[in-house]
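[1] the following block contains a protein sequence and its predicted model.
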Amino acid sequence: MSPFFVMSLLFGLTFGQTASLCAPSEYVIHVEKRECAYCLAINTTICAGFCMTRDSNGKKLLLKSALSQNVCTYKEMLYQTALIPGCPHHTIPYYSYPVAVSCKCGKCNTDYSDCVHEKVRTNYCTKPQKLCNM
C-alpha cells in the first residue's frame with residue numbers, strides 16, 4: 001500500500017468518528033408515581049447525536065442482520081438514585097436512572113436503551129413539580 005493511501009485511510013477513520021457528533025447531552029427526566037404527591041424533574045445526561053451509517057440500496061438482497069444501523073448509545077454509564085418527595089410510607093419512593101459518562105456509535109442494545117424514537121411527547125409532569133439536581 002502506498003503511504004498516501006494509508007494516510008488517507010487513517011484520516012478517514014479519524015474524521016468519521018469525529019463527525020459522528022455522538023456525545024453526552026443534558027436531559028431532564030420527569031418521574032412521578034401514582035401514590036406520590038409530586039413529580040420529580042431530574043437533570044441528567046443521556047447519549048444523543050448523529051452517527052455515520054451506511055444504507056444499502058440492495059436491501060431486498062441482504063440479510064436483515066446486515067442492515068442494522070449505528071445509533072448513539074452508552075459507552076460508559078452509571079446509575080444514580082433519587083428520592084421522589086411526597087410518597088406515603090407504604091410506597092417505595094426511590095427512582096434509579098442512568099447517567100451517561102461517555103457515548104459511542106454502535107448497535108442499539110435493548111437491555112439498556114430505547115431503540116425506537118417515539119413522536120409522542122411523554123416526558124412531562126401531571127403533578128406539582130420538584131427539581132432534583134444530581
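    That came through, no problem. Numbering: from 1, shown residues only.

[2] can you give the strand pairings for the strand or helix carrying residue 25, parallel or anti for each?
    Remark: residue 25 resides in strand 23-32, with elements defined by DSSP states H and E. The sheet places strand 23-32 alongside strand 39-48 (antiparallel), with pairing taken from DSSP bridges.

[3] if we can go back for a sec, buried set for the strand holding residue 25?
    24, 27, 29, 31-32 (16 or more other Cβ atoms under 10 Å). (C-beta placed from N, C-alpha, C; glycine too.)

[4] let's have these in JSON lines, adding distance to residue 96 and pLDDT.
    Formatted as JSON lines, the buried residues of strand 23-32 follow (distance: Cβ to Cβ, whole Å; pLDDT from 0 to 100):
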{"residue": "24", "distance to residue 96": "18", "pLDDT": "96"}
{"residue": "27", "distance to residue 96": "16", "pLDDT": "91"}
{"residue": "29", "distance to residue 96": "11", "pLDDT": "88"}
{"residue": "31", "distance to residue 96": "10", "pLDDT": "88"}
{"residue": "32", "distance to residue 96": "15", "pLDDT": "88"}
